[in-house]
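Participant: kindly generate the corresponding structure for this input.
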Amino acid sequence: MFFKNFKVWETELAGRKLTLETGKMAGLANASIMARYGETAVLCNVTASAKPREGIDFFPLSVDFEEKMYSVGRIPGSFQRRESRPSEKAILASRCIDRPIRPLFPKDLRNDCSVVATVMSVDPDCSPEITAMIGVSAAIAISDIPWDGPISGVNVGLVDGEIVINPTLEQRAKSDLVLTVASTGDLVAMIEAGGNEIDDDTMFNAIMAGHEENKKIVQFINGIVEEVGKPKFAYESSNPDPEIMAEIEAFCIEDVKKALDTDDKNVRDERLLPIYEAVHERFDERFEDNTEKLDEIMYLVQKHVVRDWLKNEHKRVDGRGIDEIRPLNAEIDLLPRVHGCGMFTRGQTQVLSIATLGGIRDAQALDGIDEQTEKRYIHHYNFPSYSVGETKPSRGPGRREIGHGALAEKALVPVLPSVEEFPYTIRVVSEVLSSNGSTSQGSICGSTLALMAAGVPIKAPVAGISCGLITGDEGVYGDFMTMVDIQGLEDFYGDMDFKVAGTKKGITAIQMDLKVHGLTPEIIKEAFAKTHKARNYILDEIMLPVIAEPRKELSKYAPKMMTVAINPDKIGDVIGKGGKIIQQLQVDYDVKIEIEEDGNVFVSGQDTDKCKAAIEMVRLIASDPEIGAFYNGVVTRLMNFGAFVEIAPGKEGLVHISRLDVKRTEKVEDVVNVGDSVIVKCIGITDEGKIDLSRRDALIELEGMKAENEIDDLPRKKGGNRPPRRNNRKKD
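Facilitator: Next comes the predicted model:
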C-alpha cells in the first residue's frame with residue numbers, strides 16, 4: 001500500500017458516523033487529521049516552530065477556519081471568483097476552536113503554533129465547525145506539540161422542548177437554542193450560546209447534556225493517541241528565574257499593592273509607571289541576561305496581588321464588594337439626527353450605540369458555506385485605541401471586535417420583531433468610548449437603549465453582565481470564588497470571563513472565555529445565579545427608568561416603511577415592461593419600492609402620506625378590476641367609438657361613446673381629451689380580460705357630488721380604486 005501509515009478510526013456521534021483519518025494527507029505537518037462527519041469533511045493540520053520566538057511574552061497561536069466554496073458546490077461571488085479574506089462566520093468559528101484549545105497549551109511555551117482547518121465538503125446536517133473542532137483536537141493530541149488535551153465539541157439544540165445533540169438542518173430551523181459546548185474529559189472548556197429567552201435551568205441542562213456527549217469523543221480520541229500519538233517535544237521555558245522573581249517581588253510588592261488600590265484605571269497606570277522605572281534601575285545591570293524578563297515579572301507580581309486579594313481577602317482593587325456592580329448610567333437621544341441612540345456607562349467603561357433603519361434591500365448579503373444568505377439585523381462593534389488611552393492607527397475591525405459584535409447581535413436577535421411586524425433592516429453600531437472591562441456587555445445594554453429610542457418594537461429589553469473566577473493554585477477547582485461585573489484588571493489576571501445576556505425572562509446569549517482548563521458544574525451554576533440577579537438589577541434600576549418601552553413613533557429622519565402582500569403572479573404587473581411602472585411609481589411618490597419573490601412589497605420614503613398612497617397604488621395594480629367598482633382614471637387614447645381610460649398603471653379599459661355622458665354624445669372630443677381625469681364605473685370584463693367602463697353610469701350614481709372637489713372622497717372598492725389626480729389634467 002502506498003500510504004503505509006494511513007489509519008482510520010470510526011465512532012458514532014448523535015446517530016451519525018464520525019471518522020478520523022491520518023497518514024494519507026499533509027505529511028509534512030506536525031500532525032494532520034481528515035475529520036469526516038456524515039458527508040462533511042474538514043482537513044485539520046497543526047504545525048509548530050522548532051524554536052521559540054524571541055522578544056514576546058505570550059504564546060503565539062493562530063487558528064484559522066477556512067471556508068472553501070467548492071465544499072458546497074458554489075463559485076465565490078467575489079470579483080476574482082476566489083476565496084479572499086475570511087467571512088465573519090469563519091472568524092467566529094476560528095474563535096470557537098481557539099478558545100477551548102488555547103488554555104491547554106503550556107503557559108510558558110513561546111514556539112509559534114499554527115492550526116488550520118480547511119472545510120472541503122459540507123453536509124448541511126453535520127456542522128463543519130464541530131467537525132473541525134474535533135479534528136483539530138485529534139491532530140494536536142497525536143502531534144508532538146505539548147498540550148493537555150484532547151477536547152471535543154458538540155452543538156446542542158432545543159426542539160419542541162427537547163434537548164437535541166448536533167441537530168440537523170431541519171431541527172436547527174425550529175430550535176429555540178443554538179449552543180456550542182466544548183469539554184475536556186472532566187471539565188466544560190467553552191460555551192457559546194444564543195437562545196430564545198432560555199431559563200437558567202434549561203440552559204444548564206443543555207450544557208451538561210453536551211458535556212456528557214463530549215466525554216465519549218474525548219475517550220475516542222485518547223484511544224487514537226495511545227495508538228499513533230508522538231512523544232511531545234521538549235521546549236525552552238519562558239518562565240523567569242525563581243530567584244530573580246523572588247528578589248524583585250520582595251523589592252516592589254508593597255508599592256504595587258498601593259498602586260493597584262484604586263478604582264481609577266488612569267491613577268493606577270500613573271502609580272505603576274515609577275515602580276517599573278525603579279525595578280529597571282535597580283535590576284537591569286544585575287540581571288543583564290534577563291532584562292527582557294523584568295516586565296514579565298512585574299506582570300506576575302501584579303497578578304499575584306490581585307488574585308490574593310480576591311481569593312484570600314475578598315477584596316477587589318476598586319473597593320467593591322464581591323457581587324457589587326460598578327456605578328451605572330444610561331442615556332438616550334445624545335445625537336439629534338440619528339434614528340436612535342443610547343449610551344451605557346459602567347464604571348470607566350462607556351459605550352455609545354447608534355441604531356439606523358433601512359429598507360429590506362439593505363440587508364447584508366452573505367456568501368458562505370451555510371444556508372443563510374442574508375441578515376436584516378447587523379451589529380458592528382468598534383474598539384478604537386483612545387478607549388484605552390493608547391495611540392494606534394485604525395486598521396479596521398480585528399477578530400476580537402468581530403467576535404464582540406457578533407455576541408451583541410446574537411443577544412438582541414431573539415427579541416427583534418419579524419419582518420412582517422417591522423419591515424426594516426436594522427444596523428446598530430457600538431462605539432466603545434472608554435474601556436475598563438465588559439465593553440461587549442455594555443454594547444448589549446447600549447444597543448437595547450438605541451433600539452427602543454429608535455422605535456423598534458423589541459419584545460423585551462436585554463442587558464448583559466459578566467462573571468469572573470479565581471481558582472486555587474494550579475487550577476484547584478474545589479477552592480474557587482466568583483465575582484460579578486469584572487473590570488479590566490480582574491479579567492486580565494483572573495481565570496474566567498463568563499458573559500451572559502438576556503431579558504428578565506431568560507438567556508439570549510452566552511460567551512465564556514477561560515484561562516484554565518475548564519469549569520465544573522458548580523461554577524457554571526453559580527455564574528448563572530449571579531448574572532441573572534445582576535441582569536435584572538440593570539434592567540429595573542438603570543435602563544427601564546430611562547426608557548420603559550420602545551417609542552411608538554419613528555424618528556422624523558428615519559425612512560417610513562410600509563408593506564403589502566400581493567399575489568406573486570401579479571409581480572410582473574407592478575414592475576411593468578422593462579421596469580417602467582415601478583420606476584414611475586417611485587418617481588411619482590418619491591419612495592423606494594422593493595418586491596420579494598413571495599409577493600411581499602415594501603415601500604419606504606420620508607413622507608408617510610406618500611408611502612400610503614404608493615401602497616394603495618400597488619394594491620390597485622395587483623388587484624383584478626371589480627365589476628361595480630368606481631375608478632378615478634386617466635384618458636389615454638381617443639377613438640371614434642369611445643375613449644380608453646387607464647384605471648391603474650398598465651390597466652386600461654374602454655368607455656364606449658354611448659357611455660361617455662348622461663346625454664347623447666356626437667363626438668368623443670366633445671366630452672373628454674387625452675390626459676383628462678375621469679370618474680368611471682367597471683360594468684363588465686370579457687373572457688379575454690378586456691375591461692368595459694362607463695362614465696355615464698358613474699355620473700348618474702354619483703349625482704349630487706361636486707365632481708371637481710369631492711372626487712377624492714370616493715369610497716374604495718364600491719367604488720374607487722384610483723390613480724392620483726395630476727395637476728396638469730382636466731378633471732370631471
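
Participant: give me the nearest residue to residue 637, chain neighbours excluded.
Facilitator: residue 644 (4.2 Å; C-beta to C-beta, 6 or more residues apart in numbering). To be clear about C-beta, it is placed using only N, CA and C from the backbone, and glycine gets the same treatment.

Participant: the one you found touches residue 654, doesn't it?
Facilitator: Yes: between residue 644 and residue 654 there is a contact under C-beta atoms under 8 Å: 5.7 Å.

Participant: where does pLDDT dip in this structure?
Facilitator: By pLDDT under 70, the low-scoring segments of the chain are 1, 473-478, 704-732.

Participant: got the buried residues for the helix ranked longest in the chain?
Facilitator: For the chain, the longest helix by residue count, based on DSSP state H, is helix 200-228. Buried residues in helix 200-228, defined by neighbour count with 16 or more other C-beta atoms under 10 Å: 200, 202-204, 206-211, 213-214, 217-218, 220-222, 224.

Participant: how about residue 432, what does it touch?
Facilitator: Applying C-beta atoms under 8 Å, 6 or more residues apart in numbering, we find residue 432 in contact with 349-351, 381-384, 387, 439, 442-443.

Participant: now the phi/psi pair for it, please.
Facilitator: When quoted as degrees, to the nearest 10, the phi and psi of residue 432 stand at phi -80, psi 110.

Participant: any idea how far it lies from residue 560?
Facilitator: Applying C-beta to C-beta, to the nearest Å, the value for residue 432 to residue 560 is 32 Å.

Participant: please apply the same query to residue 214.
Facilitator: 50 Å.

Participant: now tell me what touches stretch 328-338 from outside.
Facilitator: So stretch 328-338 is in contact with 340-346, 352, 354-356, 445, 449-450, 452-453, 538, 541-543, 546-547, 555, 557, going by C-beta under 8 Å, 6+ apart.

Participant: count the neighbours of residue 362 for me.
Facilitator: 17 (other C-beta atoms under 10 Å).

Participant: so it touches residue 425, yeah?
Facilitator: Yes: taking C-beta under 8 Å as the definition, residue 362 is a contact partner of residue 425 at 4.0 Å.

Participant: how about the strands in the stretch 251-400 of the chain?
Facilitator: For the stretch 251-400 of the chain, applying DSSP state E, counting those that start in this stretch gives strands covering 328-332, 340-346, 349-358, 364-365, 374-375, 377-382.

Participant: before we move on, the earlier item: filter the contacts of stretch 328-338 to the buried ones?
Facilitator: Among the contacts of stretch 328-338, the ones that count as buried by 16+ other C-beta under 10 Å are 340-346, 352, 354-356, 445, 449-450, 452-453, 538, 542-543, 546-547, 555.

Participant: so residue 51, which state does it fall into?
Facilitator: Recorded secondary structure, residue 51: strand (DSSP: H, G, I helix; E, B strand; the rest coil).

Participant: what's the closest non-adjacent residue to it?
Facilitator: Using C-beta to C-beta, 6+ apart, the closest residue to residue 51 is residue 111 (6.8 Å).

Participant: phi, psi of that neighbour?
Facilitator: Given degrees, to the nearest 10, the pair of backbone angles that residue 111 has is phi -70, psi 140.

Participant: tell me the spacing between it and residue 146.
Facilitator: 9 Å.

Participant: the two: which is more packed in?
Facilitator: When neighbours are counted by other C-beta under 10 Å, residue 111 and residue 146 differ, and residue 111 comes out ahead with 21 against 18.

Participant: so the more buried one bridges to which residues?
Facilitator: Note on residue 111: beta-bridge partners by DSSP bridges are residue 52.

Participant: doesn't residue 610 make contact with residue 591?
Facilitator: Yes: using C-beta under 8 Å, residue 591 makes contact with residue 610 at a distance of 6.0 Å.

Participant: for the two, indicate the residue with more neighbours.
Facilitator: Between residue 591 and residue 610, counting by other C-beta under 10 Å, residue 591 is the more crowded of the two (23 against 17).

Participant: on the three-state scheme, residue 636 is what?
Facilitator: Classified using three-state DSSP, residue 636 is strand.

Participant: give me the buried subset of the contacts of residue 432.
Facilitator: 349-351, 381-383, 387, 439, 442-443.

Participant: run a quick neighbour tally on residue 625.
Facilitator: Residue 625 - counted by other C-beta under 10 Å - has 19 other residues nearby.

Participant: go on, residue 177?
Facilitator: Residue 177 has 22 nearby residues by other C-beta under 10 Å.

Participant: excluding chain neighbours, what is closest to it?
Facilitator: residue 158 (3.8 Å).

Participant: contacting residues for that neighbour?
Facilitator: So residue 158 contacts 164, 175-177, 195, 198, 202, 206 (C-beta under 8 Å, 6+ apart).

Participant: residue 247: which of these is nearest?
Facilitator: Nearest to residue 247 among these is residue 206, at 50.4 Å by C-beta to C-beta.

Participant: give me the element the closest residue to that closest one other than its chain neighbours is part of.
Facilitator: The spatial neighbour of residue 206 that comes closest, neighbours along the chain excluded (C-beta to C-beta, 6+ apart), is residue 156 at 4.7 Å. Assigned by DSSP states H and E, residue 156 falls within strand 152-159.

Participant: coming back round to it: including distance to residue 2, could the buried ones among the contacts of residue 432 go into TSV?
Facilitator: Shown next, in TSV, are those (distance: C-beta to C-beta, whole Å):
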residue	distance to residue 2
349	59
350	62
351	58
381	50
382	53
383	51
387	57
439	54
442	58
443	54
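
Participant: pick the one among those residues closest to residue 233.
Facilitator: Distances from residue 233 to the buried ones among the contacts of residue 432, taken by C-beta to C-beta, are shortest for residue 383, at 36.6 Å.

Participant: right, and the closest one touches residue 402 too?
Facilitator: No: Residue 383 is beyond contact range of residue 402, at 10.6 Å (criterion: C-beta under 8 Å).

Participant: neighbouring contacts of stretch 282-297?
Facilitator: 55, 57, 238, 240-241, 244-245, 247-249, 251, 276, 279-280.

Participant: strands of the stretch 551-700 of the chain, residue ranges please.
Facilitator: Along the stretch 551-700 of the chain, counting by DSSP E, counting those that start in this stretch, strands occupy 560-565, 592-595, 600-605, 630-639, 642-648, 651-656, 677-685, 691-694.

Participant: strand partners (parallel or antiparallel) of the longest one?
Facilitator: When you say that, I think you mean strand 630-639. strand 642-648 (antiparallel), strand 677-685 (antiparallel).

Participant: can you check the last one too?
Facilitator: Each strand pairing with strand 691-694, determined using DSSP bridges, is listed with its direction: strand 651-656 (parallel), strand 677-685 (antiparallel).

Participant: can you list these in JSON lines and add mean neighbour count and distance to residue 28?
Facilitator: Shown next, in JSON lines, are the strands paired with strand 691-694 (neighbours: other C-beta atoms under 10 Å; distance: least, C-beta to C-beta, whole Å):
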{"stretch": "strand 651-656", "mean neighbour count": "21", "distance to residue 28": "71"}
{"stretch": "strand 677-685", "mean neighbour count": "21", "distance to residue 28": "77"}
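
Participant: would you turn the ones you listed into TSV with distance to residue 72?
Facilitator: Formatted as TSV, the strands paired with strand 691-694 follow (distance: least, C-beta to C-beta, whole Å):
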stretch	distance to residue 72
strand 651-656	44
strand 677-685	49
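
Participant: for residue 128, which of the ones you listed is the nearest?
Facilitator: strand 651-656 (51.0 Å).
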